[in-house]
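Engineer: can't give you the sequence, but here's the structure:
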């Protein structure tokens, strides 16, 4: 792990030159995936990747050494036509061999322990800058709730954060808990996995240095739709993030029509919130700006009027096992409600 280099700003300037060298040996079709650990885009992910490559190098060396010795013995001491049937001389015990296969594994385990401890220390105990963004993450079956306590914003499934300048780090700190069962927050390009557990708060930080969309998902089986409890992290420039914040702080602007009345007169208000209305439900995602999101159902489907209409009518058809009940509205009300939610930007 001698490739670690600390910048003047502290732990957030950590860089892994050795990991970058290993990365050159990995095929591009592996590293280009948005859910690949081989394409780290944030400091914690670089640390995890570097540790993974270090462990891989040691295990490959052990495999080659063991396999090489085994191959040599099989070839060197294979049975020959000139060999007699007499039992070869027996050797009972070897202090040198016993010492080597005891000491060498101990050294390897100690080295792995120290390198792993260093990565844990650098991620778990990094100094939090004053400029860090705080986000409260709450895992639900089967979606993610994101709260920005200092900004007064609540959204769902799509996490927006600013990129972090290495010269002036602005990482995002995620305070995680669960509203029901165990979940696990995992965006491979940004950090390792972090368990999301009821009645416990776990904290992790991410600091992507380039804008982009980073994908992940729940990595702990949490029920029927665990596989479709997806994550989308939008790392934005500071100006774009500020624009998003300003837009999220505004009450939803909807075109006039019957859709809002349909929403407020049905069971929708028991589970969902729309700022500026009497809908204050917290069981389901906040829908104040649902029309501006790229996806529905925690990233499972694209947010189009057609998909939104199908989702409202019967969510179980699109995401079997989800906890949202089918509304089964009549055609007029379904169209009006769809049109209303589509305008919520």
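Structural biologist: Nice, thanks for sending it over. These figures come from a predicted structure and were not determined experimentally. Numbers count the residues shown, from 1 in each chain.
Engineer: chain neighbours aside, what residue packs nearest to residue 281?
Structural biologist: residue 271 (4.3 Å; C-beta to C-beta, 6 or more residues apart in numbering). Glycine gets a C-beta too; all of them are placed from N, C-alpha and C.
Engineer: check the offset of stretch 303-315 from the chain's centre.
Structural biologist: 26 Å (C-alpha atoms, centre = their mean, to the nearest Å).
Engineer: SS state for residue 97?
Structural biologist: helix (DSSP: H, G, I helix; E, B strand; the rest coil).
Engineer: before we move on, back to that, what is the burial count for the residue nearest to residue 281?
Structural biologist: Residue 271 is flanked by 16 other residues according to other C-beta atoms under 10 Å.
Engineer: one more: residue 173?
Structural biologist: Neighbours of residue 173 (other C-beta under 10 Å): 17.
Engineer: swap in residue 334?
Structural biologist: Neighbour tally, residue 334, other C-beta under 10 Å: 18.
Engineer: next: residue 52.
Structural biologist: Count around residue 52 with other C-beta under 10 Å applied: 17.
Engineer: equivalent analysis for the one 10 residues further on, please.
Structural biologist: When neighbours are counted by other C-beta under 10 Å, residue 62 registers 13.
Engineer: just the one 10 residues further on next, same as before
Structural biologist: The burial metric for residue 72, expressed as a neighbour count using other C-beta under 10 Å, is 10.
Engineer: backbone dihedrals for it, both of them.
Structural biologist: Residue 72 adopts backbone torsions of phi -60, psi -50, taken as degrees, to the nearest 10.
Engineer: residue 162 now?
Structural biologist: Torsion angles, degrees, to the nearest 10, at residue 162: phi -80, psi 150.
Engineer: look up the residues forming beta bridges with it.
Structural biologist: residue 236 (DSSP bridges).
Engineer: and for the one 10 residues further on?
Structural biologist: Taking DSSP bridges, one obtains residue 133, residue 206 as the residues bridged to residue 172.
Engineer: need the contact list for it.
Structural biologist: 132, 133, 134, 135, 161, 162, 164, 205, 206, 207 (C-beta atoms under 8 Å, 6 or more residues apart in numbering).
Engineer: just the buried members of those residues?
Structural biologist: 132, 133, 135, 161, 162, 164, 205, 206, 207 (16 or more other C-beta atoms under 10 Å).
Engineer: so the third one belongs to a strand, correct?
Structural biologist: Yes - using three-state DSSP, the assignment for residue 135 is a strand.
Engineer: how close does it get to residue 153?
Structural biologist: 9 Å (C-beta to C-beta, to the nearest Å).
Engineer: and if you look at the fifth one?
Structural biologist: Separation of residue 162 from residue 153 (C-beta to C-beta) stands at 13 Å.
Engineer: does residue 184 count as helix, strand or coil?
Structural biologist: strand.
Engineer: quickly list what it is bridged to.
Structural biologist: Under the criterion used (DSSP bridges), residue 184 bridges to residue 195.
Engineer: quick check: it touching residue 216?
Structural biologist: No - with contact defined as C-beta atoms under 8 Å, residue 184 does not reach residue 216; the gap is 9.8 Å.
Engineer: same for the one helix or strand residue 335 maps to, what does it pack against?
Structural biologist: Secondary structure assignment for residue 335, by DSSP states H and E: helix 331-342. If you count contacts as 3 or more C-beta pairs under 8 Å, 6 or more residues apart in numbering; DSSP states H and E, helix 331-342 packs onto helix 259-264, helix 305-313.
Engineer: point out the most buried one among the ones you listed.
Structural biologist: helix 259-264 (a mean of 20; mean count of other C-beta atoms under 10 Å).
Engineer: what's stretch 213-227 in contact with?
Structural biologist: 34-35, 41, 139, 141-142, 180-190, 193, 195-196, 208, 229-235, 299-300, 319-322.
Engineer: buried only: go through the residues you listed for me.
Structural biologist: 41, 139, 141-142, 181, 183-190, 193, 195-196, 208, 229-235, 299-300, 319, 322.
Engineer: could you chop this structure up by domain?
Structural biologist: 4-124, 259-342 (automatic domain parsing).
Engineer: need the phi and psi values for residue 91.
Structural biologist: phi -110, psi 120.
Engineer: give the burial count for it, as a bare number.
Structural biologist: Residue 91, neighbours per other C-beta under 10 Å, totals 7.
Engineer: which pLDDT value belongs to it?
Structural biologist: Residue 91 is assigned 79 on the pLDDT scale.
Engineer: now do residue 132
Structural biologist: At residue 132, pLDDT is 94.
Engineer: do the same with residue 177
Structural biologist: At residue 177, pLDDT is 97.
Engineer: what pairs with it across the strands?
Structural biologist: With DSSP bridges as the rule, residue 177 is bridged to residue 138.
Engineer: my guess is it meets residue 200, correct?
Structural biologist: Yes - the pair formed by residue 177 and residue 200 meets the contact definition of C-beta under 8 Å, at 6.5 Å.
Engineer: among the two, which residue is more densely surrounded?
Structural biologist: Taking neighbours as other C-beta under 10 Å, residue 177 and residue 200 compare with residue 177 leading, 16 against 11.
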